[in-house]
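> sequence and predicted structure below; questions after.
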Amino acid sequence: METFRRGFVYLFTSDGGPENQFAARWVFLRFMGIIYFSAFFALLFQVRGLIGTQGILPASDYLQALHPYGVLRFWYAPSLAWISSSDSALMAICWVGLLSSICVLLNLLPRISLLLCFLCFLSFIGVSQEFGQYQSDGMLLEAGFLALFIAPAGLWPALGRAFKPIRAAILLLLWEWFRIYFESGVVKLQSGDPTWRNLTAMYEYYQNGPLPTWIGWYLQHLPHWFHIATAAVTLAMELLFVWMAILSRRLRIVCFWMVTVWQAGVILTANYAFLNYLVLALGFLLLDDAYLLRFVPHRWRTGLIANPESIARHETPAPPAGSPLRRIPSLFSALALLWIAYATTAELILILWPSAPLPMAPITALEPFRIANQYGLFATMTPHRYEIEFQGSDDAQTWTPYSFRYKPQDPSERPGIYAPYQPRFDWNLWFASLEDWQESPMVPLTEERLLENSKPVLSLFRRNPFPNRPPRYVRAVLWQYWFSTPQQKRTTGVWWQRQLLGTFAPTVERLPDGAFAQVAPPELSGPPAD
C-alpha cells in the first residue's frame with residue numbers, strides 16, 4: 001500500500017513533480033499562449049464566414065440537427081455555442097479565447113487562462129464541422145488539456161516553483177510529441193505509397209501542399225539527391241531518432257536540436273498553421289533547467305535558481321499533501337491522465353495491430369473532445385496540385401474570378417509565409433479539390449452564399465468583383481498548378497504555371513423566389529485520375 005501511495009504521489013501530485021523543469025515548463029506555456037493567440041486571432045476574421053448565421057456551414061443549423069439526440073447532443077458537440085450560436089456569441093468566444101491567450105503569454109493567472117483557452121477552442125471545434133477536422137486541431141486540444149495539469153497556480157507565478165508540474169502530465173505531453181512523429185512514420189510505411197518506399201516522396205512536396213511558400217519554390221528546384229536525402233531523413237527522424245528521447249540526457253538534448261532545426265525548416269517551406277510550432281514547443285519538455293539556464297544572461301540567472309526563502313515570500317504555497325483540498329484534485333488528475341494514457345496508447349496499438357482486442361468505449365467517449373488522438377501526417381503524398389476557383393457572371397459567357405487571400409491563384413504572385421495564421425477556408429478548398437464536389441458540401445454552399453452576396457463569406461476573399469450586386473451565375477472551376485521553372489521565373493516573373501481543367505461543381509443561379517437552381521452540371525467528376 002505504501003508503494004502504491006508513493007507511486008501515486010510521484011505521478012499524479014505536484015509534490016512528486018520534477019524539480020528540474022521549471023524553465024522548460026515556462027517556455028512551453030509561453031508557446032501555448034502564442035499558439036492559442038494565433039488560432040483565435042485567425043478565427044476573429046473567419047468565424048462568421050465559416051460557421052456564422054450567414055456563413056458557409058452555420059453552427060446554428062448544425063446544432064439544430066443534433067436536437068433529436070437529446071442530452072447526447074452535448075456530448076456529440078461539446079461547445080459553449082449551445083448557449084447561443086449567434087454571430088455575436090461566436091465572436092465573443094473568439095475574443096475570450098484571444099484575451100485568455102494573451103494572459104497565458106504574460107503568465108497572468110495561467111491555470112484559469114489556459115482553461116478558458118481550451119474551452120473556447122473546443123467550443124469552436126465542436127461546431128466547426130468541415131472546418132475543424134485537421135490533425136493540428138486535435139494536437140492543440142490534447143496539449144491544451146494536458147497543459148492544465150502542469151500550469152502553476154497564482155496571479156503571476158513567475159517560474160511557479162511552489163507548484164511543480166504533475167509528472168504524469170509532462171510524460172503524456174512528451175508521449176504526444178513522440179506519437180506525432182512515430183505514428184506519422186508508421187503510416188507512411190503502412191500506406192503502401194511507393195514514393196516513400198523509393199524515397200521520391202519529396203520530389204513535388206513543396207508545390208503540392210495546402211499553402212506553399214516562396215522558399216519552397218527554391219527548394220523544389222534543388223537536385224533529386226537533396227529530395228531523396230530529405231525523404232530518408234524524414235523516415236529516420238520519425239521512426240528512429242525520436243527514440244533518443246528515452247535515452248541519456250545528452251542524447252535527449254541532441255534529439256531536441258535535431259527536431260527543432262527540422263521543424264524550423266518545415267515552418268519556412270510550408271504553411272501548416274500552428275502545427276509545427278506546437279510540435280516544436282513540445283520538444284522543449286525534453287530539456288531541463290540546467291541546460292536552459294545556459295541561454296539566460298548571467299545577471300538574470302539569480303532569480304531563476306531555486307531559493308526556498310524567495311518561494312515562501314513571493315509565491316502562494318500549495319496546500320499540504322494530506323489535506324482534503326489536495327485529495328480531490330489529485331484523484332481527478334489521476335483518473336483523467338490514466339484515461340488519456342490508455343486511449344492514446346490504444347490508438348497507437350491499433351495502428352500497429354488493427355484487430356487488437358482492446359476495449360473501445362474509453363476511446364470513443366473522448367473522441368468529441370479531441371484530447372486523445374491518433375496521428376499520421378503525410379501517409380500518402382499528393383501527386384498533383386489542384387485549385388478550386390469561384391467565378392461569377394451576368395451572362396454565362398464572361399466569367400470573373402473571386403480573388404483569394406492566401407491560396408495560389410495569380411501565377412505572378414509570390415507564395416507567402418502565413419503560419420501560424422490558419423486561413424481555414426483556403427485550406428479546406430485544397431482538401432476539397434482532391435475529391436468529388438459532392439463529398440465537400442462547402443463548395444456548392446459557397447456558390448449559394450456568393451449569389452446571396454453574404455458579407456461574412458465575401459470577407460473570406462480578398463476582393464469582391466461584384467460590389468454593387470451579386471452576379472446572376474456562380475460556378476466553381478478546377479485548375480492544375482505547377483511551380484514555374486527557374487527559366488520561366490527569370491524571363492516572365494511567374495511563380496506558377498496553370499491549366500484550366502473544367503467546371504468542378506454545378507453552375508448555379510438564384511431564382512426570383514430565393515431558391516437556387518442548377519444551370520449546368522460540372523464538366524468534371526472530381527480531379528483527373530492519375
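Received it, and whenever you're ready, just let me know what you need.
> for the stretch 151-300 of the chain, give me the ranges with low pLDDT.
Filtered on pLDDT under 70, the stretch 151-300 of the chain yields the residue ranges 299-300.
> pLDDT score assigned to the one residue sitting closest to the centre of the chain?
Geometric centre of the chain, nearest residue: Ser136, 2.3 Å, by CA atoms, centre = their mean. As predicted, Ser136 sits at a pLDDT of 96.
> and for Ile328?
pLDDT, Ile328: 82.
> can you map out the strands along this protein?
For the chain, the strands defined by DSSP state E occupy 385-393, 400-401, 403-404, 461-463, 473-483, 496-510, 516-520.
> sheet-wise, list the partners of the fourth one with their directions.
Read that as strand 461-463. The sheet places strand 461-463 alongside strand 403-404 (antiparallel), with pairing taken from DSSP bridges.
> and Trp177, how many neighbours?
Neighbours of Trp177 under the rule other CB atoms under 10 Å: 24. In short, each C-beta sits where N, CA and C put it, glycine included.
> again but with Ser86, I slipped
Using other CB under 10 Å, Ser86 has 14 neighbouring residues.
> could you measure from it over to Thr53?
7 Å (CB to CB, to the nearest Å).
> which residues are in contact with each of those two?
Shared contacts of Ser86 and Thr53 (CB atoms under 8 Å, 6 or more residues apart in numbering): Ser60.
> wait, the residue nearest to the centre of the chain sits on Leu278?
Yes: proximity of Ser136 to Leu278 meets the contact threshold set by CB atoms under 8 Å, at 7.1 Å.
> in the stretch 1-150 of the chain, which spans are helices?
Ranges of helices within the stretch 1-150 of the chain are 2-12, 22-44, 47-51, 59-65, 73-76, 87-105, 110-127, 135-147, based on DSSP state H, counting those that start in this stretch.
> now, of those helices, which is deepest in the fold?
Mean neighbour count (mean count of other CB atoms under 10 Å) peaks for helix 47-51 among these, with a mean of 25.
> residues in contact with that one?
54-59, 62, 87, 90-91, 94, 124, 127-129, 131, 424-425, 454, 456-460.
> check contacts around the residue nearest to the centre of the chain.
The contact partners of Ser136, by CB under 8 Å, 6+ apart, come to 272-275, 278, 422.
> swap the cut-off to 7 Å and go again
With contacts defined as CB atoms under 7 Å, 6 or more residues apart in numbering, Ser136 is in contact with 272-275.
> in helices only, show me those.
Of the positions in the contacts of Ser136, Leu275 sit in helices, assigned by DSSP state H.
> buried subset of the contacts of Ser136?
Burial by neighbour count, 16 or more other CB atoms under 10 Å: within the contacts of Ser136 this picks out 272-275.
> right, and Cys255 touches Met244 too?
Yes: if you go by CB atoms under 7 Å, Cys255 and Met244 touch, sitting 3.9 Å apart.
> just the closest of the contacts of Ser136 to Asn208, please.
Tyr272 (13.2 Å; CB to CB).
> if I look at that closest one, how far off is Met139?
Taking CB to CB, one finds Tyr272 at 11 Å from Met139.
> now Ile83
27 Å.
> and for Val494?
Taken as CB to CB, the span from Val494 to Met139 is 35 Å.
> what score does Asp530 have for pLDDT?
Note for Asp530: predicted pLDDT of 65.
> cool, Glu315 as well?
Confidence score, pLDDT, at Glu315: 44.
> quick one: low-confidence parts of the stretch 301-450 of the chain?
Residues of the stretch 301-450 of the chain that meet the criterion pLDDT under 70 lie in 301-326.
> all helices of it, in order?
Using DSSP H, counting those that start in this stretch, helices in the stretch 301-450 of the chain cover 308-314, 324-352, 361-366, 424-432, 442-451.
> out of the ones you listed, flag the one nearest Ala169.
Across the helices of the stretch 301-450 of the chain, Ala169 has its closest neighbour in helix 324-352 (6.2 Å, CB to CB).
> pull out the buried residues from the closest one.
Applying 16+ other CB under 10 Å to helix 324-352 flags 326, 330, 333-334, 336-337, 339-340, 342-344, 346-348, 351 as buried.
> helices or strands next to that helix in the packing?
Judged by 3 or more CB pairs under 7 Å, 6 or more residues apart in numbering; DSSP states H and E, helix 324-352 is in contact with helix 2-12, helix 167-190, helix 361-366.
> got the strands of the chain as CSV, with mean neighbour count columns?
Formatted as CSV, the strands of the chain follow (neighbours: other CB atoms under 10 Å):
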stretch, mean neighbour count
strand 385-393, 21
strand 400-401, 14
strand 403-404, 18
strand 461-463, 14
strand 473-483, 22
strand 496-510, 18
strand 516-520, 13
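> columns distance to Ile417 on top of those strands, output as CSV?
Listed next are the strands of the chain as CSV, based on distance: least, CB to CB, whole Å:
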stretch, distance to Ile417
strand 385-393, 18
strand 400-401, 24
strand 403-404, 16
strand 461-463, 17
strand 473-483, 16
strand 496-510, 16
strand 516-520, 38
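> burial of Lys407, as a residue count?
Using other CB under 10 Å, Lys407 is surrounded by 21 other residues.
> list the contacts of it.
Going by CB under 7 Å, 6+ apart, Lys407 touches 211, 387, 426, 429-430.
> now do Ala270
By CB under 7 Å, 6+ apart, the residues touching Ala270 are 209, 212-213, 216.
> just among those residues, which is most surrounded?
In terms of neighbours by other CB under 10 Å, the contacts of Ala270 top out with Pro212 at 26 neighbours.
> wait, that one touches Arg414, no?
No: using CB under 7 Å, Pro212 makes no contact with Arg414, being 10.4 Å away.
> show me what Thr400 bridges to in the sheet.
Here Thr400, judged by DSSP bridges, has bridge partners Gly392.
> wait, isn't it in contact with Pro465?
Yes: Thr400 lies in contact with Pro465 (CB under 7 Å); the separation is 4.5 Å.
> joint contacts of these two?
Common neighbours of Thr400 and Pro465 (CB under 7 Å, 6+ apart) are Gly392.
> re the thing from before, dump the helices and strands packed on helix 324-352 into a markdown table; add distance to Phe22 as well.
Shown next, in a markdown table, are these (distance: least, CB to CB, whole Å):
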| stretch | distance to Phe22 |
| --- | --- |
| helix 2-12 | 18 |
| helix 167-190 | 12 |
| helix 361-366 | 30 |
